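*Asks:* The following block contains a protein sequence and its predicted model.
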Amino acid sequence: QVQLVESGGGLVQSGGSLRLSCAASGPPLDAYVMGWFRQASGKEREFLGSIAWSGGLSYYTDSVKDRIAISTDNTRNILHLQMNSLKPDDTATYYCAAGRLFGGAVTTQTSFYRFWGQGTQVTVSS
């Protein structure tokens, strides 16, 4: 079982930046794709971006691709989400997730990811 624990959320002013972290443990992640999602109150969970743990295959959704960056620290088994120019609309619970890559996988969908963290709250004040 892959275990994921997010951290780094909090209250930030509009225009500010945050770096979220996701500590991963369990089996080796070389065959996994890691994703970041968020869910605002009353809304569906939204895909933000993904990256192959072994490197490459990074992909960001259009709505945030100019403001976020996803990276992995393979030595410490940590996934990061850097977010810049934050807006009040970015207020949500942010989740990291892991899914084992296979041919034809659609990594933008929640159904691809088998393992999820508990989430970390990000609140952006205006």
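*Replies:* Okay, I see it.

*Asks:* only C-alpha atoms for contact and neighbour calcs from this point on.
*Replies:* Will do.

*Asks:* Any idea how many residues pack against the residue nearest to H80 when sequence neighbours are not counted?
*Replies:* Spatial nearest neighbour of H80, excluding adjacent residues (Cα to Cα, 6 or more residues apart in numbering): S21 at 4.5 Å. If you count neighbours by other Cα atoms under 10 Å, S21 ends up with 24.

*Asks:* next one: S63
*Replies:* 9.

*Asks:* what's the distance between it and D90?
*Replies:* Going from S63 to D90 by Cα to Cα, to the nearest Å gives 11 Å.

*Asks:* In a strand, the residue nearest to H80, correct?
*Replies:* Yes. Assignment of S21 by DSSP: H, G, I helix; E, B strand; the rest coil places it within a strand.

*Asks:* so who does it touch?
*Replies:* The contact partners of S21, by Cα atoms under 8 Å, 6 or more residues apart in numbering, come to E6, S7, G8, I78, L79, H80, L81.

*Asks:* which among these end up buried?
*Replies:* E6, S7, I78, L79, H80, L81 (16 or more other Cα atoms under 10 Å).

*Asks:* hang on, isn't the fourth one packed against G55?
*Replies:* No. In terms of Cα atoms under 8 Å, L79 does not count as a neighbour of G55; the distance is 11.6 Å.

*Asks:* residues shared between the contacts of the two?
*Replies:* Joint contacts of L79 and G55 (Cα under 8 Å, 6+ apart) are T72.

*Asks:* in the sheet, who's paired with the residue nearest to H80?
*Replies:* Counting by DSSP bridges, S21 forms beta bridges with S7, H80.
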